[in-house]
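Peer 1: Predicted model and sequence below, questions to follow.
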Amino acid sequence: MEAPVSSSPVDRGPNAPASTTARHPDPVKSAWKAPLRELLRWCLPALILGLALRAALTWSMPYGYVQYDTSDYLTTVYHIIDKHEFYIHNKRSYLTPTLFAAAWLLPIPATITIAAAQHLMGLIATLVVGALVRLWFRFWRVAIIPVTVLFTSNPSVLWYEHTLMGEAQFLFFTLVMALAGTLFALRPTTKRLIWFIVSLLLVYGTRLESKTYVLFALLLVVWVLWKQWKQLAIGIGAVLVSYLAAFHVSGDRDVSSLVYASIIRFAPTTSASTPDIMPEMNRIREQARKHSVDYPTKTVRVSKYINHAVDAYATAHVQGKKKHAAEESRIVRGLCLETLKAEPEKVLMEPWVKFRLAIDAWSSYCWDKKSLWERQHGAFIGKEWMTTVLSRGLTGKAQTLEQIPEWIKEHHSSERVAWFTRYQRNWNKQLIHFRTADRPMQERRWVHDFFGGVGHWLYTFPGLPYFYILGFLGMFAAMLRPPHLRAVHFALVATVLGGLYVCSMVGVTNGRFRFVYEPFFLLYFFFLFDCVADFWKELRDRWVDSRACST
């Protein structure tokens, strides 16, 4: 591939200072050492603050938090230890469970090593965010300190880093992918394409939601390599092969029942695809409509009712495990499509409604007394093997089911992390303080695992915080300016908005699903002002030039 000349100092463009052989005997090393030193210098305030916050959190709670989803990731290490086989849970991808399993090779408890490793990832991610600011922004010296400080001190980022879940790694590798894509767009060499594909494989391995990132890769490769037909074919082939390979070894969860649970309120009373199942589905629909007609509610419970009904129907009509699963999927997807045809506007707007319903909620959970004691205890004993097989690796010593409560009480105290809970609450209050007008709701608002929120939140439809409004505007501004990175912003914005839409449609109503996208709202929030400043400077320069010409 021919590499276009870039004016970025990272790429050693024509505006970069010339290097001499005497001073720089290795030009390859000097090409990245100077930008890295500059990046470290400008990110130093954020790194110091980020390290202090992570150290304080680790001192308050030395052992990482075991959440009810943790067992999905630890199923892999359980199968390795107990069954001597490699297994990935059908709701998870391959990388995070594998990395968690690697923690069992160390002599330190996994609840400590995983949290520490994820905190280290958070500090490196701070540098990655700084690099994105350095490459994207014209006035990067103005923006880099506030952006990196706000990113590294975000309590939701810290919460997920200290929890045995996939979100921290999902965010880290998403940012790495965005940086790799930016560097590839600036200079599309074969080496940078390889690094970009590697970054895709890494982020694909963290969560199944990363499937949407294939859109970013395809749009970017097509835009950057357009009319370079040989290179374009290689690039598209590499993207598609990496996608197919990654999700061939990952889980394959069917989420259509969750989608149908969200839109069943709009479902028709008859079905052309599966008419015999509609009496039961109509009963479920009417139960859902009793709770709420205008808004989705209790979608987890409703999806379970749907699954039970579909399972009973499929059992009566088909035999064989594969045929049974295929029939279940066909039924629910058919019902979703028929609902879309019946009420297209309401169905297509449902993700926006769900996003708005949870806009005032924390995008992370809380470490209150109930979470640290009751829910963590339930996470340990919900899958007995979490204690009987994995307790030594998790906690540092073999435990029985009866000993787990005492261990939790000894190492997880809500009083010791009360400062962090206050920090989460105050952060969220400031984030949502400036927003459009709230409006009262006639029906009770339902948000899954809700923390935070506006006053009287149960019967209030929250306004949209201006932070997100300006973030959206910054995304659209980025697709127009600057020209040399338009491909990156077009591909990334399409993927962020598309991924957020899909997650909001599929997932339950809560703030967790916007977590990985919030750093991009932060970047584009500041990028909007960078574009305005750039536009103003351009107008001023034109005015000065016109005055000079007239005189």
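Peer 2: Structure's in. What do you need?

Peer 1: Pass me the low-pLDDT residue ranges in the protein, would you?
Peer 2: By pLDDT under 70, the weakly predicted segments of the chain are 1-32, 251, 551.

Peer 1: show me where it has strands.
Peer 2: With strands called from DSSP state E, the chain shows them at 439-440, 460-461.

Peer 1: could those be laid out in TSV, adding mean neighbour count?
Peer 2: Placement of C-beta: from N, CA and C, glycine included. Below are the strands of the chain laid out as TSV (neighbours: other C-beta atoms under 10 Å):
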stretch	mean neighbour count
strand 439-440	8
strand 460-461	18
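
Peer 1: closest one to R134 among these?
Peer 2: strand 460-461 (39.7 Å; C-beta to C-beta).

Peer 1: still on that earlier bit, just put the strands of the chain in a markdown table and tack on distance to W407.
Peer 2: Output for the strands of the chain, formatted as a markdown table (distance: least, C-beta to C-beta, whole Å):
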| stretch | distance to W407 |
| --- | --- |
| strand 439-440 | 46 |
| strand 460-461 | 40 |
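
Peer 1: Contact partners for W195?
Peer 2: W195 sits next to A180, L183, F184 when contact means C-beta atoms under 8 Å, 6 or more residues apart in numbering.

Peer 1: end-to-end on stretch 367-386?
Peer 2: Length of stretch 367-386, first residue to last, C-alpha to C-alpha, to the nearest Å: 21 Å.

Peer 1: Surely T297 touches K290?
Peer 2: No: the criterion here is C-beta atoms under 8 Å, and T297 misses it with K290 at 9.6 Å.

Peer 1: Isn't R425 up against I432?
Peer 2: No: in this structure, R425 is not within contact of I432 by C-beta under 8 Å, at 11.3 Å.

Peer 1: what sits in contact with each of those two?
Peer 2: G452.

Peer 1: how long is stretch 103-115 from one end to the other?
Peer 2: Taking C-alpha to C-alpha, stretch 103-115 runs 11 Å from one end to the other.

Peer 1: ok, and for it, which residues are buried?
Peer 2: For stretch 103-115, the neighbour count (16 or more other C-beta atoms under 10 Å) marks A103, W104, P109, A110, T111, I112, T113, I114, A115 as buried.

Peer 1: quick one: which of the contacts of W195 is nearest G64?
Peer 2: Distances from G64 to these, taken by C-beta to C-beta, are shortest for A180, at 28.2 Å.

Peer 1: Run through the residues that contact the closest one.
Peer 2: By C-beta under 8 Å, 6+ apart, A180 lies in contact with R192, W195, F196, V198, S199.

Peer 1: Buried only: go through those for me.
Peer 2: Buried among the contacts of A180 (16+ other C-beta under 10 Å): R192, W195, F196, S199.

Peer 1: Export these as a markdown table, with columns for distance to F476.
Peer 2: Below are the buried ones among the contacts of A180 laid out as a markdown table (distance: C-beta to C-beta, whole Å):
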| residue | distance to F476 |
| --- | --- |
| R192 | 27 |
| W195 | 29 |
| F196 | 24 |
| S199 | 25 |
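
Peer 1: for the strands of the chain, which one sits closest to W136?
Peer 2: With C-beta to C-beta as the measure, strand 460-461 is the member of the strands of the chain nearest W136 (34.4 Å).

Peer 1: List the contacts of the closest one.
Peer 2: Contacts for strand 460-461 (C-beta under 8 Å, 6+ apart): R356, L357, D438, R439, P440, M441, R445, V454.

Peer 1: got a winner among the residues you listed for most neighbours?
Peer 2: L357 (24 neighbours; other C-beta atoms under 10 Å).

Peer 1: show me the residues around that residue that make contact.
Peer 2: L357 is in contact with Y295, P296, R445, W446, V447, F461, P462, T509, counting by C-beta under 8 Å, 6+ apart.

Peer 1: If we use 7 Å, what do you get?
Peer 2: Applying C-beta atoms under 7 Å, 6 or more residues apart in numbering to L357 gives the contacts Y295, R445, V447, T509.

Peer 1: TSV for those, including distance to P155?
Peer 2: Below are these laid out as TSV (distance: C-beta to C-beta, whole Å):
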residue	distance to P155
Y295	28
R445	23
V447	18
T509	21
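
Peer 1: now the helices for the stretch 1-150 of the chain?
Peer 2: Ranges of helices within the stretch 1-150 of the chain are 27-60, 70-78, 95-102, 110-136, 140-152, based on DSSP state H, counting those that start in this stretch.

Peer 1: Point out the one among the ones you listed that comes closest to V241.
Peer 2: Closest approach to V241 among those (C-beta to C-beta): helix 95-102, 17.3 Å.

Peer 1: Can you list the helices and strands that that closest one packs against?
Peer 2: For helix 95-102, the packing partners by 3 or more C-beta pairs under 7 Å, 6 or more residues apart in numbering; DSSP states H and E come out as helix 70-78.

Peer 1: what's next to stretch 389-401, contact-wise?
Peer 2: With contacts defined as C-beta under 7 Å, 6+ apart, stretch 389-401 is touched by 74, 77-78, 81-82, 104, 109-111, 381, 384, 387, 407.

Peer 1: Distance of the closest residue to Q424 other than its chain neighbours relative to H484?
Peer 2: Once flanking residues are discounted, Q424 sits nearest to P155: 4.4 Å by C-beta to C-beta, 6 or more residues apart in numbering. Separation of P155 from H484 (C-beta to C-beta, to the nearest Å) stands at 35 Å.
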